[in-house]
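Novice: sequence and computational prediction follow.
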Amino acid sequence: MKSLQCQQKAQGLRAQDSRSRRTAVRVQANGSAPEVPPGLNKWSSHITQPKSQGASQAMLYATGLSEADMNKPQVGIASMWYEGNPCNMHLLNLAEEVKRGVVEAGMVGYRFNTIGVSDGISMGTDGMSFSLQSRDLIADSIETVMSAQWYDANVSLPGCDKNMPGSIIAMARLNRPSIMVYGGTIKPGYSQLDGSVLDIVSAFQSFGAYAAGLVTEEQRFDMVRHACPGAGACGGMYTANTMSSSIEALGMSLPYSSSIPATDPLKLDECRMAGRYILELLKRDIKPRDIMTYKAFENAMVTVMATGGSTNAVLHYIAMARAAGVPLSLDDWQRVSDKVPFICDLKPSGKYVMEDVHKVGGTPALLKYLMAKGFIDGSCLTVTGAWLERRQDHGGEPGGLPGPEGGAGRGLPVEAPIKSTGHLQILYGNLCPEGSVAKITGKEGLQFTGQALCFDCEEDMLAALEADTEKFRGKVVIIRYEGPKGGPGMPEMLTPTSAIMGAGLGKECALITDGRFSGGSHGFVIGHVTPEAQVGGPIALAQDGDVIAIDADKRVMDIVGVSDADMADRRARWTAPPLKATSGTLYKYIKNVVSASEGCVTDA
């Protein structure tokens with residue numbers, strides 16, 4: 001345990017480092033206007049220069065452009081702003097600051113909006129069917145506006161989970177100079193009854209705890225009412241912070257972008273700085289595919305493993321890499337998992353949140369540490385125009401980043417990790433012949449064997465748990481027909497996992513699904529089972545009472561004791577249930593989406 005004097009000294013150094021970073025950011029943001037050389041309007045010149053495009057020019061003049069502006073590069077500023085979600089509700093203001101920085105850098109900035117879906121709000125309802133497809137709609141809409149309007153560069157401002165991969169997929173497709181500015185993380189909430197730290201998962205788990213009689217109605221409502229204090233994405237190493245921190249490692253956002261809280265003044269400074277960095281990218285013709293190499297994707301995967309990140313990163317990075325023309329598969333994830341320890345004690349499986357990372361040096365300190373330990377390749381290019389290793393030079397030394405209890409010291413405890421290999425494991429077997437993704441931190445054990453308890457939808461499982469929690473003890477819970485086609489949209493099973501954890505069953509049952517898990521899910525959970533039930537995958541043939549054996553060490557998940565003849569008989573009697581959508585956007589998604597093992601892309 002550190003002495004009080006040591007703690008005070010560390011706090012002082014961290015505060016000094018924070019002030020230094022703030023000063024450095026503001027000096028760069030508020031310096032003299034840079035020179036914009038001619039010829040950077042490579043794309044916008046198609047409509048601003050030819051006399052034959054007079055109507056285009058007339059409409060641009062109507063938006064307020066001057067004659068001089070017609071020769072400037074145009075930057076499309078894509079915001080995923082909407083009011084109905086704390087992750088996104090502040091992005092309109094951030095987009096205004098980005099535009100200010102773009103204009104101050106001597107360019108034209110045009111803001112436009114795309115959609116978003118709040119996973120936290122839609123979780124546990126049919127609304128979750130629209131979540132994953134929003135990733136591809138975001139990518140499609142950014143690509144559409146950027147291409148139709150002939151913008152020369154892009155700055156995207158995502159907030160919630162699917163916003164970030166959607167933005168990066170669009171950047172990779174367009175391959176024009178681009179920067180992602182993360183909307184930032186929410187601050188923690190606090191109980192009004194006992195002062196304990198709360199976050200969105202506290203609210204999710206309150207139902208299971210209440211159903212099991214572990215908390216009163218007053219305590220349940222206290223968690224719900226005070227879990228989310230304001231703007232920002234869910235505060236633990238859930239999907240939003242998983243994607244933002246790993247995208248910073250990928251090189252597609254500015255240093256500290258992923259760890260600066262949404263309401264910190266530094267976030268406004270970052271927004272204004274984006275204009276100058278976009279200008280430099282235009283000058284040097286540095287494009288997303290120059291940055292997003294295989295090594296850069298490997299750096300991102302390492303960051304996901306080290307921080308205990310979300311299973312969603314697996315399918316998102318497969319999709320992002322595909323858009324960038326980089327081959328990436330489940331086996332690449334397993335190779336990284338085999339060599340990278342899980343070292344950050346962050347929620348949902350740990351106790352810290354992203355704001356804690358910000359207080360001790362931010363994501364750059366983590367990346368610097370991982371580089372020093374040989375896990376990250378510092379020679380990769382970033383949107384700063386510098387190599388990753390040089391980009392971290394202005395960051396402080398890693399100083400006690402969140403690790404396990406007793407892991408005091410200047411660095412993270414690689415030598416004494418939470419788990420010696422990655423928490424994400426790729427499992428195969430007769431239940432998942434094309435693969436599945438397990439999130440196993442080691443705290444819940446590495447093997448589980450139990451009888452199957454099968455449900456054909458999430459709602460049936462929740463109703464059964466509310467009626468009788470003891471029925472679930474020792475069981476392998478299967479929730480199926482929740483895949484990309486069957487769900488449809490591969491909804492996240494955060495409500496079921498939270499209910500299980502809240503009921504105190506986290507170590508006494510396992511959960512398998514062809515759906516996804518939220519970054520907030522924890523416990524013995526295996527998702528992304530392929531082939532999915534809707535297309536006749538073996539998960540559709542499992543029955544109550546079947547023995548399911550899961551071994552994370554051997555990376556195997558099997559139905560045990562059922563003969564090939566019995567499985568063949570079950571298959572002969574199986575028929576696919578009707579599609580849950582037969583028209584509209586979800587029907588289009590069902591018809592186009594590929595499996596989770598291929599990233600659930602819709603343009604294959």
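Specialist: That came through, no problem. The shown structure was predicted, so the numbers you read here are calculated from the model rather than taken from an experiment.
Novice: which stretches of this structure form strands?
Specialist: For the chain, strands defined by DSSP state E occupy the ranges 74-79, 108-113, 153-157, 178-180, 189-190, 197-198, 424-427, 436-439, 447-455, 476-479, 510-513, 524-527, 547-551, 556-560.
Novice: now render the ones you listed as CSV, adding distance to residue 252 and mean pLDDT.
Specialist: Every residue, glycine included, has its C-beta placed from N, CA and C. Listed next are the strands of the chain as CSV, based on distance: least, Cβ to Cβ, whole Å; pLDDT from 0 to 100:
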stretch, distance to residue 252, mean pLDDT
strand 74-79, 14, 99
strand 108-113, 19, 99
strand 153-157, 10, 99
strand 178-180, 5, 99
strand 189-190, 30, 96
strand 197-198, 31, 92
strand 424-427, 21, 97
strand 436-439, 23, 95
strand 447-455, 37, 97
strand 476-479, 34, 98
strand 510-513, 30, 96
strand 524-527, 26, 94
strand 547-551, 35, 97
strand 556-560, 34, 98
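Novice: make CSV out of these and add distance to residue 343 and mean neighbour count.
Specialist: Listed next are these as CSV, based on distance: least, Cβ to Cβ, whole Å; neighbours: other Cβ atoms under 10 Å:
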stretch, distance to residue 343, mean neighbour count
strand 74-79, 34, 28
strand 108-113, 38, 20
strand 153-157, 30, 28
strand 178-180, 25, 28
strand 189-190, 26, 18
strand 197-198, 21, 19
strand 424-427, 14, 24
strand 436-439, 16, 27
strand 447-455, 23, 19
strand 476-479, 29, 27
strand 510-513, 25, 28
strand 524-527, 21, 27
strand 547-551, 24, 20
strand 556-560, 26, 19
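Novice: now for those strands, which one comes closest to residue 575?
Specialist: Residue 575 sits nearest to strand 447-455 of all these, at 16.4 Å, using Cβ to Cβ.
Novice: what helices or strands is that closest one leaning on?
Specialist: Here strand 447-455 touches strand 476-479, strand 547-551, going by 3 or more Cβ pairs under 8 Å, 6 or more residues apart in numbering; DSSP states H and E.
Novice: ok, now which ones touch residue 113?
Specialist: 78, 79, 80, 81, 82 (Cβ atoms under 8 Å, 6 or more residues apart in numbering).
Novice: cool, and residue 277?
Specialist: Taking Cβ under 8 Å, 6+ apart, we find residue 277 in contact with 179, 254, 383, 384, 385.
Novice: count of neighbours near the nearest residue to the last one once chain neighbours are set aside?
Specialist: This means residue 385. Spatially, and ignoring its direct neighbours in sequence, residue 385 is nearest to residue 280 (5.2 Å; Cβ to Cβ, 6 or more residues apart in numbering). Neighbours of residue 280 under the rule other Cβ atoms under 10 Å: 17.
Novice: separation between residue 280 and residue 176?
Specialist: 14 Å (Cβ to Cβ, to the nearest Å).
Novice: cool, and residue 578?
Specialist: Distance from residue 578 to residue 176, by Cβ to Cβ: 43 Å.
Novice: so between those two, which is more surrounded?
Specialist: It is residue 176, of residue 578 and residue 176, that has more neighbours when counted by other Cβ under 10 Å, with 22 against 7.
Novice: in contact with the closest residue to residue 234 other than its chain neighbours, which residues are there?
Specialist: The shortest distance from residue 234 to any non-neighbouring residue, by Cβ to Cβ, 6+ apart, is to residue 200 (4.7 Å). Shown in contact with residue 200 (Cβ under 8 Å, 6+ apart): 120, 227, 228, 234, 235, 238, 520.
Novice: out of the residues you listed, which are inside helices?
Specialist: residue 120 (DSSP state H).
Novice: okay, the contacts of residue 200 in TSV with pLDDT and neighbour count next?
Specialist: What follows is the contacts of residue 200, written out as TSV (pLDDT from 0 to 100; neighbours: other Cβ atoms under 10 Å):
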residue	pLDDT	neighbour count
120	91	26
227	97	24
228	97	22
234	95	29
235	94	30
238	93	30
520	70	28
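Novice: need the contacts of residue 200 in a markdown table with distance to residue 335, can you?
Specialist: Shown next, in a markdown table, are these (distance: Cβ to Cβ, whole Å):
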| residue | distance to residue 335 |
| --- | --- |
| 120 | 33 |
| 227 | 37 |
| 228 | 37 |
| 234 | 29 |
| 235 | 30 |
| 238 | 25 |
| 520 | 26 |
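Novice: for the contacts of residue 200, which one is nearest residue 588?
Specialist: residue 120 (25.3 Å).
Novice: need the distance between the two termini of stretch 495-510.
Specialist: 14 Å (Cα to Cα, to the nearest Å).
Novice: and it, which residues are buried?
Specialist: 495-503, 505-506, 508-510 (16 or more other Cβ atoms under 10 Å).
Novice: separation between the residue of the chain most remote from its centre and residue 582?
Specialist: Here the centre of the chain is the reference, and by Cα atoms, centre = their mean the most remote residue is residue 51, at 45.2 Å. Residue 51 sits at a distance of 50 Å from residue 582 (criterion: Cβ to Cβ).
Novice: kindly report the domain assignment for this protein.
Specialist: 38-52+60-187+230-391, 189-224, 424-598 (automatic domain parsing).
Novice: report the buried members of the contacts of residue 277.
Specialist: Using 16+ other Cβ under 10 Å, the buried members of these are 179, 254, 383, 384.
Novice: now these as TSV including distance to residue 47?
Specialist: Shown next, in TSV, are the buried ones among the contacts of residue 277 (distance: Cβ to Cβ, whole Å):
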residue	distance to residue 47
179	23
254	30
383	26
384	30
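Novice: now the nearest residue to residue 325 once chain neighbours are set aside: how far from residue 442?
Specialist: What sits nearest to residue 325 in space, not counting adjacent residues and going by Cβ to Cβ, 6+ apart, is residue 289, at 6.6 Å. For residue 289, the distance to residue 442 (Cβ to Cβ) stands at 37 Å.
Novice: try residue 271
Specialist: Counting by Cβ to Cβ - residue 271 and residue 442 are separated by 39 Å.
Novice: more crowded one of the two?
Specialist: Taking other Cβ under 10 Å, residue 271 and residue 442 do not tie; residue 271 has more neighbours (28 against 15).
Novice: wait, that one sits on residue 109?
Specialist: No: in terms of Cβ atoms under 8 Å, residue 271 does not count as a neighbour of residue 109; the distance is 11.2 Å.
Novice: hey, what's in contact with both of these two?
Specialist: By Cβ under 8 Å, 6+ apart, the residues touching both residue 271 and residue 109 are residue 98.
Novice: and residue 193, what pLDDT?
Specialist: In this model, residue 193 is scored at 98, pLDDT.
Novice: for it, give me its contacts.
Specialist: Applying Cβ under 8 Å, 6+ apart, the residues near residue 193 are 218, 219, 222.
Novice: that concludes my questions; thank you for your assistance.
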